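Engineer: I'll drop the sequence and a predicted model, then ask my questions.
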Amino acid sequence: MTTLRYKLLADVPHPAYQTAGASGIDLCLSEDAQIWNGKTVIVGTGIAVEIPPGHEGHIRPRSSLSANGIVGHFGTIDSDYRGELRVVLTNIDQPGTNCYSSITLRKGDRIAQLVIAPVERVELVRVEQLSETARGERGFGHTGRR
């Protein structure tokens with residue numbers, strides 16, 4: 001089992017898996033945050049981590065927040081970063097209403113998940129041409145379904 005060392009930077013709940021089958025470690029808000037409709041904020045979690053070499057951290061949204069109009073953005077934490085984990089959140093609730101509405105999150109609320117995953121570094125080789133595939137350069141919507 002890989003070990004993740006962490007340091008508390010604020011009076012927040014310790015990061016933890018909530019169930020035996022959870023893939024993400026819950027991260028909590030380090031202080032109250034008010035997020036106005038249509039706005040994006042960067043909030044602190046009150047923890048720093050020491051991700052083992054050969055691994056990375058993925059910040060992922062919590063589905064319960066997304067279902068209530070607060071979208072957490074994906075992020076990558078490199079193994080050599082030692083600062084506070086911060087999370088980008090956007091309030092997309094109440095579309096079409098005035099921009100003066102907001103959602104308040106409280107210190108200690110679970111706001112994101114941290115998933116630790118192995119990473120393989122690659123050798124970068126510049127070439128003039130890439131190998132051909134059946135898909136080729138067809139990108140978004142290439143299967144005809146969106």
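Structural biologist: It's in. Numbering: from 1, shown residues only.
Engineer: please report how far the closest residue to residue 52 other than its chain neighbours lies from residue 33.
Structural biologist: Computed as C-beta to C-beta, 6 or more residues apart in numbering, the closest residue to residue 52 that is not its neighbour in sequence is residue 2, at 5.7 Å. In short, each C-beta sits where N, CA and C put it, glycine included. Between residue 2 and residue 33 the computed distance is 31 Å (C-beta to C-beta, to the nearest Å).
Engineer: between these two, tell me which one has more neighbours.
Structural biologist: It is residue 33, of residue 2 and residue 33, that has more neighbours when counted by other C-beta atoms under 10 Å, with 21 against 9.
Engineer: pretty sure the more buried one is touching residue 91, no?
Structural biologist: No. Assessed by C-beta atoms under 8 Å, residue 33 is found out of contact with residue 91, at 10.1 Å.
Engineer: so the residue nearest to residue 18 when sequence neighbours are not counted versus residue 109, what's the distance?
Structural biologist: Nearest non-adjacent residue to residue 18, counting by C-beta to C-beta, 6+ apart: residue 26, 5.8 Å away. Relative to residue 109, residue 26 is positioned 10 Å away (C-beta to C-beta).
Engineer: dump the residue contacts of the nearest residue to residue 119 once chain neighbours are set aside.
Structural biologist: In space, and not counting its chain neighbours, residue 119 is closest to residue 56: 4.8 Å by C-beta to C-beta, 6+ apart. Residue 56 sits next to 76, 77, 78, 79, 116, 117, 119 when contact means C-beta atoms under 8 Å, 6 or more residues apart in numbering.
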